[in-house]
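Novice: Dropping a prediction and its sequence here:
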Amino acid sequence: MNEFKVNCGPLVRRMADIEPESILWLWPGRIPRGKLTVLAGNPGLGKSFLTIDLAARVSRSMPWPDCRGSAPLGSAVLLSAEDDPADTIRPRLDAAGADVSRVYVVEGVQRTDDKGEYITGLELDRDLQHLESAIEEAGDCRLVVIDPISAYLGGVDSHRDAAVRSVLKPLADLAARHGVAVVMVAHLRKGDGEAVQRTMGSLGFVAAARSAWSFSEDREDKGRVLMTPIKLNLAARAKGLAYRMVPVGETAVLAWEPDELDMTAEEAIGRDQKARGEKGKAVRWLRGVLADGAVEAKELQEQAESDGYSWTTIVRAKKGAGVESVKSGFQGRSCWSLAPKNVTAA
């Protein structure tokens with residue numbers, strides 16, 4: 001019987017033999033090319049609008065909001081499991097000023113078996129070659145968006161680090177081969193905790209990414225969204241940005257603020273958690289004060305400020321406390337009272 005010896009051992013390279021290379025950037029200092037980036041936040045904060053904003057800027061080489069140069073001109077490939085290409089994605093691209101001839105949408109994968117041909121969603125654990133084909137077909141691709149990443153994992157358990165890494169490592173290799181920025185949208189877990197720990201699913205998503213950003217609502221300024229850094233391994237500490245969603249026709253675009261935010265994701269989430277804690281206390285205070293009946297709004301404001309609550313906080317807690325406003329007396333003074341269904345509970 002013949003015996004075959006297999007030589008096994010480490011692959012070692014001397015650093016002196018490795019030529020240094022510069023990082024390629026889609027958005028300098030924020031989103032690298034050839035790497036994975038995570039955008040993590042609760043629904044309704046405009047993360048999908050931001051991916052459209054990115055695609056539009058790439059399609060026409062538009063300037064970045066922070067004035068760090070312009071986007072590299074090229075095409076974008078979008079995987080969107082939640083938005084319809086015709087009535088949602090296309091209108092958003094048009095509103096953002098995109099060259100739609102440079103933007104491609106992967107709507108599924110055509111398969112064949114003994115029952116014939118059919119179409120299914122793309123699954124990264126078995127269809128990476130199809131995503132690569134889409135990138136090659138688009139030509140000069142600079143951006144790939146996967147929104148949300150959880151919808152494209154196929155049979156992979158998103159809560160197991162090893163399973164997640166087994167999918168993301170080939171995806172990262174694909175990004176490096178083609179020099180594209182792969183931007184993955186993720187949701188946050190409910191509850192408190194550090195930003196890096198709150199990304200939905202395994203910690204492997206943020207660990208595999210070279211850049212990760214958190215999105216949170218500014219509790220002190222309704223409608224203002226804070227984009228703050230969770231991690232960025234390839235550059236000096238980046239600063240955050242803020243934007244609002246501004247209606248345009250039947251859709252919306254992002255209106256960016258010109259000034260950067262010197263705030264991390266931890267600080268932004270800490271502000272959010274503090275605001276929610278203060279709101280909870282205000283809810284309990286309101287229910288206690290109104291338990292015995294209606295109170296005139298002016299008197300309530302004076303009492304709130306005397307007890308250490310800002311009137312803004314009390315107004316925000318009004319709905320959560322189950323409070324309604326009524327007019328009382330000849331002059332129609334505004335009074336606050338617990339809605340009937342909340343009186344007993346109070």
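Specialist: Arrived safely, thanks for sending.
Novice: quick one: the strands in the stretch 151-300 of the chain?
Specialist: 181-186, 211-217, 225-232, 241-248, 251-256, 295-296 (DSSP state E, counting those that start in this stretch).
Novice: Return the most buried member of the ones you listed.
Specialist: strand 181-186 (a mean of 26; mean count of other C-beta atoms under 10 Å). All C-beta atoms are positioned from the backbone trio N, CA, C, and that covers glycine.
Novice: contact partners of that strand?
Specialist: For strand 181-186, contacts defined as C-beta atoms under 8 Å, 6 or more residues apart in numbering pick out 26-27, 31-40, 47-48, 51, 54, 142-150, 171-172, 174-175, 199-201, 205, 209.
Novice: Please report phi then psi for residue 49.
Specialist: The phi and psi values for residue 49, taken as degrees, to the nearest 10, are phi -60, psi -40.
Novice: contact partners of stretch 162-170?
Specialist: Contact partners of stretch 162-170, identified using C-beta under 8 Å, 6+ apart, comprise 36, 124-125, 128, 153, 156-158, 201-202, 204-205, 207-208.
Novice: from those, which would you call buried?
Specialist: If you count burial by 16 or more other C-beta atoms under 10 Å, the buried members of the contacts of stretch 162-170 come out as 36, 124, 128, 153, 156, 158, 201, 202, 204, 205, 207, 208.
Novice: What strand or helix carries residue 59?
Specialist: helix 47-60 (DSSP states H and E).
Novice: could I have that helix exported to CSV, CA atoms only?
Specialist: Extracted C-alpha coordinates of helix 47-60, given in CSV (Å, rounded to 0.1, in the frame of the first residue of the first chain):
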residue,chain,number,x,y,z
LYS,A,47,-30.4,53.6,7.7
SER,A,48,-31.9,52.5,4.4
PHE,A,49,-32.1,56.1,3.3
LEU,A,50,-28.4,56.4,4.1
THR,A,51,-27.5,53.5,1.9
ILE,A,52,-29.5,55.1,-0.9
ASP,A,53,-27.6,58.4,-0.2
LEU,A,54,-24.3,56.4,-0.5
ALA,A,55,-25.3,54.8,-3.8
ALA,A,56,-26.4,58.1,-5.2
ARG,A,57,-23.1,59.8,-4.3
VAL,A,58,-21.1,57.0,-5.8
SER,A,59,-23.1,56.9,-9.0
ARG,A,60,-22.2,60.6,-9.7
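Novice: That helix packs against which elements?
Specialist: strand 25-27, strand 36-41, strand 75-80, helix 90-95, strand 141-147, strand 181-186, strand 251-256 (3 or more C-beta pairs under 8 Å, 6 or more residues apart in numbering; DSSP states H and E).
Novice: For residue 302, report the pLDDT, please.
Specialist: Here, the pLDDT recorded for residue 302 equals 87.
Novice: now swap in residue 332 and tell me
Specialist: Listed pLDDT for residue 332 reads 68.
Novice: again with residue 339
Specialist: Confidence score, pLDDT, at residue 339: 81.
Novice: With residue 9 instead?
Specialist: 88.
Novice: That one: neighbour count?
Specialist: Other residues lying near residue 9 total 5 when counted by other C-beta atoms under 10 Å.
Novice: Could you do residue 319 as well?
Specialist: By other C-beta under 10 Å, the burial measure for residue 319, its neighbour count, is 10.
Novice: Now do the contacts for it.
Specialist: Per C-beta under 8 Å, 6+ apart, neighbours of residue 319: none.
Novice: Then residue 109?
Specialist: Neighbour list for residue 109: 119, 120, 121, 122, 123, 127, 130 [criterion: C-beta under 8 Å, 6+ apart].
Novice: Of these, which belong to helices?
Specialist: residue 130 (DSSP state H).
Novice: In a markdown table: the contacts of residue 109, plus distance to residue 96 and pLDDT.
Specialist: Output for the contacts of residue 109, formatted as a markdown table (distance: C-beta to C-beta, whole Å; pLDDT from 0 to 100):
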| residue | distance to residue 96 | pLDDT |
| --- | --- | --- |
| 119 | 28 | 85 |
| 120 | 30 | 85 |
| 121 | 25 | 88 |
| 122 | 24 | 92 |
| 123 | 29 | 93 |
| 127 | 28 | 93 |
| 130 | 27 | 95 |
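Novice: Buried ones only from the contacts of residue 109, please, as a ChimeraX command.
Specialist: Here is the ChimeraX selection string for the buried members of the contacts of residue 109, based on 16+ other C-beta under 10 Å:
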select :122,123,127,130
